[in-house]
Each structure stands twice: as C-alpha cells, then as structure tokens.
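one predicted model, sequence on top.
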Amino acid sequence: MTENGQLKKLKIEAYTKLDYSSKADCGDFIAMFNPNTYKQKYEVEYQPVQGQGTTGSAQKFGKIKPQEYTFEFLFDGTGVSSEKKEVADEIEHFLVVTGKNNGDIHRPHYLKISWGSLISKCVLKNAEISYNLFRPDGKPLRAKVSATFAENIDDALRVAEEGNNSPDLTHIRTVKSGDTLPLMTYRIYGDSKYYLEVAKANNLANFRNLEVGQSIFFPPLNQKAANKGKSA
C-alpha cells in the first residue's frame with residue numbers, strides 16, 4: 001500500500017541502454033495481480049583446491065554471482081480484475097517488455113523491477129507460461145507465468161559495490177529502505193561527519209530525501225580531512 005492507502009502494483013520498466021538513461025517505447029509492464037511471494041537467490045561460487053594425495057579440499061573464492069529473482073505472475077481474462085483483458089495480448093506485452101529481441105539494440109531490454117522496497121536492475125533469464133482455463137474457441141482465459149530475472153550491473157558499478165570498505169577507495173552504494181546519508185556515510189568512512197561532503201559530491205539539494213534505488217557516490221576520503229577529523 002502507498003501512504004494514501006492505494007494498492008501499488010509491481011512494475012517492470014524497459015530500457016535500451018545499460019546505464020538506464022533511455023526508456024524503451026514499448027511502455028511498462030504493470031502486474032495484473034501482485035505476487036503472493038517471490039524468491040531471491042544469492043549464490044557464491046568457489047573453486048575446490050585440493051593438493052595431490054589429500055582427501056579434503058579447500059574452497060577458493062571465485063565470484064559472487066548476480067542475484068536472481070523469481071516471480072509468478074497471474075493473467076486473468078474472466079473479469080475478476082474489474083476489467084476483462086485478453087490474456088494472450090497481456091502475455092505478449094509482458095514478453096515484448098522483458099524478453100523479446102529489440103531490433104534497434106539487437107537484444108532484449110534492460111529491465112528495472114519496482115515493487116515496495118524492491119528495486120532491481122535486471123534482465124529476464126527465463127519465463128515459463130502455463131495456461132489453465134480456456135474459452136470454447138480455445139483462447140486462454142487464465143495463465144501463470146513463472147519468470148526468473150538476473151541482476152544486471154555494469155562493471156564499474158559492480159566493482160565499486162563489491163570493493164572493500166576502505167575509505168581510500170571509491171564506492172557506489174544503492175539506497176535501501178531505511179537508509180539515511182549519515183548512516184551510509186558511517187558505513188563507508190567509519191564516521192558520519194563526512195555526509196555533507198558526500199552530499200556535495202553527489203549534488204544533493206536535499207540529502208534528507210533519499211530515494212530507494214538511488215545510487216550514491218562516495219569519493220576517496222581526503223587524507224588531510226581524515227587526519228583533521230581524528231585530531232578534532
């Protein structure tokens with residue numbers, strides 16, 4: 001629910017550029033019904049390292065794989081959702097937004113899923129459609145789509161997000177529900193006193209109103225400023 005009590009539907013936006021600066025002209029996909037549940041998969045990849053003649057093996061860290069989200073969408077053409085819609089048309093729109101090839105960019109769209117506190121930039125990995133109610137002429141009246149989306153982050157942002165929390169490095173963090181600029185600043189620098197410098201670096205006119213999903217740039221901590229802060 002939104003603050004005024006209105007139901008907020010899950011939305012999938014389509015973009016034609018990896019930096020999400022250009023929206024596709026196919027429009028957004030708005031879920032007919034919000035999912036009851038969704039799955040989030042977090043996977044760490046290790047490579048076994050085993051010495052000759054040994055029975056066990058150490059696990060050498062490889063990489064953190066992109067997170068995956070799996071949703072089940074219900075499409076209904078019986079009028080239960082207040083207005084009758086053609087299930088086949090709605091599924092086609094879902095596929096055009098999420099998974100079909102866009103001839104202008106020679107690939108499916110880059111996606112952004114928004115629902116409550118979940119904001120995910122991703123791509124469609126797979127979709128399975130199950131039809132379970134039909135008209136006498138064979139046209140579908142109800143269907144379920146189980147879709148899995150894989151997190152999609154460009155290399156520069158990924159490296160910054162995976163980097164350690166050394167204040168001497170550049171970091172980029174995504175605002176999550178409950179985050180404040182002083183709190184995020186504390187996590188990076190170990191002290192919240194630098195939040196005004198962070199606000200200035202990001203050209204934030206009002207640092208008190210951060211948006212969930214917003215990216216915040218944390219520059220390397222000026223050593224002179226750091227020493228000054230310690231001596232204060």
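The structure has been received and is ready for your questions. Numbering: from 1, shown residues only.

in this protein, where's the longest strand?
With secondary structure taken from DSSP state E, the chain has its longest strand at strand 118-134.

after that strand, next one along is what?
Later in the chain than strand 118-134, the nearest helix or strand by DSSP states H and E is strand 140-151.

mind listing what S21 touches?
Shown in contact with S21 (C-beta atoms under 8 Å, 6 or more residues apart in numbering): Y15. Quick note: C-beta positions are derived from backbone N, CA and C, even for glycine.

before we move on, what SS does it have?
The three-state label given to S21 by DSSP: H, G, I helix; E, B strand; the rest coil is coil.

over to K200?
helix.

could you give the number of residues near it?
Other residues lying near K200 total 11 when counted by other C-beta atoms under 10 Å.

domains of the chain?
11-48+56-152, 156-231 (automatic domain parsing).

now these in JSON lines, with mean pLDDT?
Below are the domains of the chain laid out as JSON lines (pLDDT from 0 to 100):
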{"stretch": "domain 11-48+56-152", "mean pLDDT": "91"}
{"stretch": "domain 156-231", "mean pLDDT": "74"}
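
about what we covered before: list the strands paired with the longest strand of the chain, with their directions.
Strand 118-134 has its sheet partners listed here by DSSP bridges as strand 110-115 (antiparallel), strand 140-151 (antiparallel).

quick one, which of the ones you listed gets closest to E83.
strand 140-151 (14.0 Å; C-beta to C-beta).

now find how far off-centre that closest one is within its chain.
Put simply, strand 140-151 sits 18 Å off its chain's centre (C-alpha atoms, centre = their mean, to the nearest Å).

partner residues bridging the residue nearest the centre of the chain?
The residue lying closest to the centre of the chain (C-alpha atoms, centre = their mean) is S120, at 1.1 Å. Taking DSSP bridges, one obtains I113 as the residues bridged to S120.

show me what contacts it?
So S120 contacts Q67, Y69, K112, I113, F149, E151 (C-beta under 8 Å, 6+ apart).

in a strand, the second one, correct?
Yes - counting by three-state DSSP, Y69 is found in a strand.

was I right about it contacting N152?
No - counting by C-beta atoms under 8 Å, Y69 does not reach N152; the two are 11.4 Å apart.

please enumerate the shared neighbours of the two.
With C-beta under 8 Å, 6+ apart as the test, Y69 and N152 both reach C122.

give the buried residues for stretch 89-100.
Residues of stretch 89-100 classed as buried: E90, I91, H93, F94, L95, V96, V97, T98, G99 (neighbour count, 16 or more other C-beta atoms under 10 Å).

tell me how far F217 lies from Y20.
16 Å (C-beta to C-beta, to the nearest Å).

strands of the chain, residue ranges please.
So, for the chain - with DSSP E - the strands run 11-15, 29-30, 38-41, 44-49, 58-64, 68-76, 110-115, 118-134, 140-151, 171-174, 215-218.

fine, thanks again, bye for now.
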